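K.L.:
Quick one, what's the 3D model for this:
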Amino acid sequence: MMIPPRHDARQPGLIEAHQVSVSFASGGLTPRRIAALDRVSLTVNEGASLGIIGPSGSGKSTLALACAGLLRPNCGRVLHEGVDVYASCRRTRSPHHVQMVFQNPFAALNPRRRIRAAVARALRIGRRASVGPKRPEEFLEMVRLPSHVVNAFPGELSGGECQRVCIAICLAAGSRVVILDEPLSMLDSIAQEDVVELLLSLRNERHWAYLVVTHDLWLVSRLCQEVLVLGDGRVVESGPLGRLLEEPTHSLTKELLGAMPQRWHG
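P.N.:
Numbers count the residues shown, from 1 in each chain. Below is the predicted model of the structure:
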C-alpha cells in the first residue's frame, strides 16, 4: 500500500520503497525462511514525516534498516532521490544524506572517542553536501548543546545529550532524510520533549524528512503527518495521522490505540 506523494509526481521522493520483502533463515533441524517484511511500499518527501507503527516483531526496524541502505531486501527496490540503493554491490552503506538515529544513543557512539571526533567524522563524510558551519562545536550549538561538550566522552553525557549529539552528526553529514528508530525510548519525559522540539525546529529550518519507527503514538502525533501500520511484516492500514488516530479501520490499529498511554491526545 503506497503512501501517495504530495508533490509533483515527476519528482522522486527522498526515500521510496517499492514492494520490499525481507526474509531471514531460521535455525533448528528444519531450516526455513521467515518473512520479516512482505511487499511493503512507502514514499517520504522533502519536509514530510511518515510514522511506522506496529507491535513488536511486526517488521518496523527491519523496514528502517532496509530504507537506510543497511539491509538488502530479498526483493523490491529502495530508492534515495530516485537512485536504487542496492543496484550496485559497491553501495553497501547509506549515502550521507540518509542517516539513522537509533534507540540507544550510547551504543551509537564510540565510548572511546570524544564527541569532537564523532562529529568531525560525519563532517568529512558529508563535506560536499554541508554548507555553513565547519567546526564540530558549531553543530553542537545548533542542537542546543554547549560547545564544551565537544571534548566529552559519551559516558560523561546524559541520554538526552547523547541523542542530541546523534542529531548533530546528522547535521554534519549533510542529511536530508533522518530515520528515527525508537529515538525516545531510553530518555526521560523532559528529555523526550526537548528532543522532539529540536526535531520539529530542524524540520522547519532544514526541511528534513523523517521516517519515524516507534510504538509511541505520542511521538507520532508530534512529528508525523502520515502513518503506516505494520502487522506481521505487512501494511494493514495507512493514511493521514488524524484519520488513523480518530477513525482507525483495522483491528490491529484499534488494538494499538487501546494499548497506548493517553498522553498522545495532548
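K.L.:
Please count neighbours and contacts with C-alpha atoms only from this point.
P.N.:
Will do.
K.L.:
Residue 99: what secondary structure?
P.N.:
strand (DSSP: H, G, I helix; E, B strand; the rest coil).
K.L.:
Now do the same contact list for the nearest residue to residue 226 once chain neighbours are set aside.
P.N.:
In this structure, residue 226 finds its nearest non-sequential neighbour in residue 240, 4.4 Å apart by CA to CA, 6 or more residues apart in numbering. By CA atoms under 8 Å, 6 or more residues apart in numbering, the contact set of residue 240 is 225-227.
K.L.:
Just name the closest of these to residue 183, please.
P.N.:
residue 227 (16.8 Å; CA to CA).
K.L.:
you'd agree the closest one is in a strand?
P.N.:
Yes: Residue 227: assigned to a strand according to three-state DSSP.
K.L.:
Report the contact partners of residue 208.
P.N.:
Per CA under 8 Å, 6+ apart, neighbours of residue 208: 46-48, 175-178, 202.
K.L.:
rewinding a little: please indicate which of the contacts of residue 240 has the highest neighbour count?
P.N.:
For the contacts of residue 240, counting by other CA atoms under 10 Å, the largest number of neighbours falls to residue 227: 25 neighbours.
K.L.:
That residue and residue 243 touch, don't they?
P.N.:
No: counting by CA atoms under 8 Å, residue 227 stays clear of residue 243, with 9.5 Å between them.
K.L.:
about what we covered before: distance to residue 149 and pLDDT added to the contacts of residue 240, as a markdown table?
P.N.:
Listed next are the contacts of residue 240 as a markdown table, based on distance: CA to CA, whole Å; pLDDT from 0 to 100:
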| residue | distance to residue 149 | pLDDT |
| --- | --- | --- |
| 225 | 34 | 94 |
| 226 | 35 | 96 |
| 227 | 36 | 96 |
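K.L.:
The residue nearest to residue 71 when sequence neighbours are not counted - how many residues pack around it?
P.N.:
Spatial nearest neighbour of residue 71, excluding adjacent residues (CA to CA, 6+ apart): residue 65 at 5.4 Å. Applying other CA under 10 Å, we find 17 residues neighbouring residue 65.
K.L.:
for residue 65, phi and psi?
P.N.:
Per-residue torsions, residue 65: phi -60, psi -40 (degrees, to the nearest 10).
K.L.:
Hmm, it is touching residue 78, no?
P.N.:
No: judged on CA under 8 Å, residue 65 makes no contact with residue 78 at a distance of 10.7 Å.
K.L.:
I'd assumed residue 140 was in contact with residue 171.
P.N.:
No: counting by CA under 8 Å, residue 171 does not reach residue 140; the two are 9.4 Å apart.
K.L.:
what packs against the least confident helix or strand in the chain by mean pLDDT?
P.N.:
Using mean pLDDT, DSSP states H and E, helix 251-259 stands out as the lowest-scoring helix or strand of the chain, at a mean of 88. For helix 251-259, not one helix or strand is in contact under the criterion 3 or more CA pairs under 8 Å, 6 or more residues apart in numbering; DSSP states H and E.
K.L.:
So which residues make contact with that helix?
P.N.:
With CA under 8 Å, 6+ apart as the test, helix 251-259 has contacts from 54-55, 217, 229, 231, 236-237, 244-245, 248.
K.L.:
among the residues you listed, who's most crowded?
P.N.:
residue 54 (25 neighbours).
K.L.:
and the gap between that one and residue 235?
P.N.:
From residue 54 across to residue 235, the span is 9 Å (CA to CA, to the nearest Å).
K.L.:
now swap in residue 199 and tell me
P.N.:
In this view, residue 199 and residue 235 are 26 Å apart by CA to CA.
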